[in-house]
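Q: I'd like to go over a predicted model; first the sequence, then the structure.
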Amino acid sequence: MRSKAYQKLQREHNSYHSAITRCENYKADNFKYYGGRGIKFKFKSFDEFYLELGLRPRGKTLDRINNNGHYEKGNVRWSTRKEQIYNRSSSLSKRGKSAFKHALQNIEKQQ
């Protein structure tokens, strides 16, 4: 059985472990987009990660401010899906802008 402290921070723990997996486990489905591109998880502990980000607000997930940067102090935040799409839009090609608009419309319909 997990401690009450862990249960209180379960969403934060899940985000922490998911980011580590994306960056370090070459067998993970999305490794090629993170660790495969050289993105590293640089937090030394969950405590350090939690001190940087605090509680995860409902409806938000872990996001890197600079998508080419690492998971590290000063480059992570809790963001909505819509904010994350805008964050990556600067790197989209002209062809990709259509897909961006479509994804944004789908998110707005879900809200």
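A: Alright, I've got the coordinates. What you are looking at is a predicted structure, and each value in this text was computed from that prediction instead of being measured.

Q: going forward, measure contacts and count neighbours with C-alpha atoms only.
A: OK.

Q: residue ranges for the helices of the chain, please.
A: 4-8, 10-24, 46-53, 81-89, 94-110 (DSSP state H).

Q: Worst mean pLDDT among those helices?
A: If those are sorted by mean pLDDT, helix 94-110 sits at the bottom with a mean of 57.

Q: Mind splitting the protein into its structural domains?
A: Under the assignment automatic domain parsing, the domains of the chain span 1-79, 80-111.

Q: Make TSV from those and add mean neighbour count to it.
A: Rendered in TSV, the data for the domains of the chain read as follows (neighbours: other C-alpha atoms under 10 Å):
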stretch	mean neighbour count
domain 1-79	15
domain 80-111	13
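
Q: Wait, Glu12 touches Glu52, no?
A: No - applying C-alpha atoms under 8 Å, one finds Glu12 not in contact with Glu52, separated by 11.5 Å.

Q: Touching both of the two, which residues are there?
A: Common neighbours of Glu12 and Glu52, using C-alpha atoms under 8 Å, 6 or more residues apart in numbering, do not exist here.

Q: Give me the nearest residue to Ser79, chain neighbours excluded.
A: Using C-alpha to C-alpha, 6 or more residues apart in numbering and skipping the chain neighbours, the partner closest in space to Ser79 is Lys60 (4.8 Å).
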